[in-house]
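Student: Pasting the sequence and the predicted coordinates here, then a few questions.
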Amino acid sequence: MRTKICMILAVATSACLFAQSATPSPAFDVASVKRTPAGSGTSTRMNETAGTINYINVPLKSVIRRAYQLQDSQIAGPDWLNDERYDISARYPPNTPTRERGTMLQNLLVERFKLAVHHETKNSPAYRLVVEKGGPKMQKIDAIPSGFGTKIDAEGHHLRSKTSLRALAVFLADQLRLPVLNETELEGTFDIALDWTPDDDATPERTGPSIFIAVREQLGLKLESTKAPTQILVIDHAEKVPVEN
């Protein structure tokens, strides 16, 4: 009798483990992926709202970066990843956690572009994003991150976003072309307003602060130079023509 009970428990345990392993990985409810029509220019839009993403004229590298929450300098792959552009739209449950949405996007890249990657680590120059002594000057809000709205005009560069500081670090890394490590330990969504003039911009009428000063004075944060082990995502394979919808 004891042996029979043990066998029943073993079968039940195996069935449970099989059910767990068979659980499907998170996926979008509906998704559309198309190559951007020729002649669409270089203007890019990456909008995210509660329950939807809408990417227009976006390089594949930007999509990979968003899916893995990495920075441009952390992605190694063929040059065409910056050149080939796509329109991607998808729907998901509005309360889906950020990490799960990233997994959904990764799975979409595998399904439609046959993306294959591996990870490497190397020591490289970087910046630490930390909180200034006086504390943060941003307002924490109860909202789902809305992505980034950027504008360039005669006065300089302007960022308006409701976002996490992890995502802000990714944005700053794109501007500085070096990894930015989020070491603020601040969680949640913040209302970000940042105005600066790039150091390499010689336009006389642009008199705004550098991005380093702007981050310190406008956000109450600080960018510090450092060296750090940096995770590199190596693109082993990706197809230019995505699988049709």
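Tutor: Noted; the coordinates are in hand. Residues are numbered from 1 along each chain as shown.
Student: could you pull out the helices for this protein?
Tutor: 2-21, 60-68, 80-83, 98-113, 165-176, 211-219 (DSSP state H).
Student: how about the ones you listed, which one is nearest residue 187?
Tutor: helix 165-176 (8.1 Å; C-beta to C-beta). In this view, the C-beta of every residue, glycine as well, is placed from N, C-alpha and C.
Student: Give me the contacts around the closest one.
Tutor: Contacts to helix 165-176, defined as C-beta atoms under 8 Å, 6 or more residues apart in numbering, come from residues 65, 69-73, 127, 129, 145, 148, 159, 161, 163, 179-182, 184, 186, 190, 192, 198, 211, 215, 221, 223.
Student: Nearest spatial neighbour of the one residue sitting closest to the centre of the chain, chain-adjacent residues omitted?
Tutor: Taking C-alpha atoms, centre = their mean, the centroid of the chain lies closest to residue 66, which sits 2.8 Å from it. Spatially, and ignoring its direct neighbours in sequence, residue 66 is nearest to residue 105 (6.5 Å; C-beta to C-beta, 6 or more residues apart in numbering).
Student: Show the contacting residues for the one you found.
Tutor: Applying C-beta under 8 Å, 6+ apart to residue 105 gives the contacts 53, 63, 66-67, 90.
Student: Same check on residue 178?
Tutor: Counting by C-beta under 8 Å, 6+ apart, residue 178 has contacts 73, 124-127.
Student: Could you do residue 229 as well?
Tutor: So residue 229 contacts 121-123 (C-beta under 8 Å, 6+ apart).
Student: Could you identify which of these has the most neighbours?
Tutor: residue 122 (11 neighbours; other C-beta atoms under 10 Å).
Student: Tell me the pLDDT of it.
Tutor: For residue 122, the model assigns a pLDDT of 87.
Student: I figured it hits residue 233, correct?
Tutor: No. With contacts counted by C-beta atoms under 8 Å, residue 122 stays clear of residue 233, the gap being 11.9 Å.
Student: just to revisit the earlier point, check pLDDT for the contacts of residue 178 and point me to the minimum.
Tutor: Among the contacts of residue 178, residue 73 carries the weakest pLDDT, at 81.
Student: neighbours around that residue, how many?
Tutor: Neighbour count for residue 73, taken as other C-beta under 10 Å: 18.
Student: doesn't residue 228 make contact with it?
Tutor: No. At 11.9 Å, residue 73 and residue 228 do not qualify as touching, with contact defined as C-beta under 8 Å.
Student: hey, what's in contact with both of those two?
Tutor: 124, 179.
Student: related to what we said a few turns ago, can I get the contacts of residue 105 in TSV including pLDDT and distance to residue 115?
Tutor: Listed next are the contacts of residue 105 as TSV, based on pLDDT from 0 to 100; distance: C-beta to C-beta, whole Å:
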residue	pLDDT	distance to residue 115
53	92	17
63	95	10
66	90	13
67	94	9
90	96	16
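Student: Reformat those residues into CSV and put distance to residue 39 next to each item.
Tutor: Putting the contacts of residue 105 into CSV (distance: C-beta to C-beta, whole Å) gives the following:
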residue, distance to residue 39
53, 24
63, 21
66, 25
67, 27
90, 25
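Student: Just give me the closest of the residues you listed to residue 40.
Tutor: Nearest to residue 40, judged by C-beta to C-beta, of the contacts of residue 105 is residue 63 at 15.9 Å.
Student: ok, that closest one to residue 83 distance?
Tutor: Counting by C-beta to C-beta, to the nearest Å, the gap between residue 63 and residue 83 amounts to 13 Å.
Student: Kind regards, and thank you for your time.
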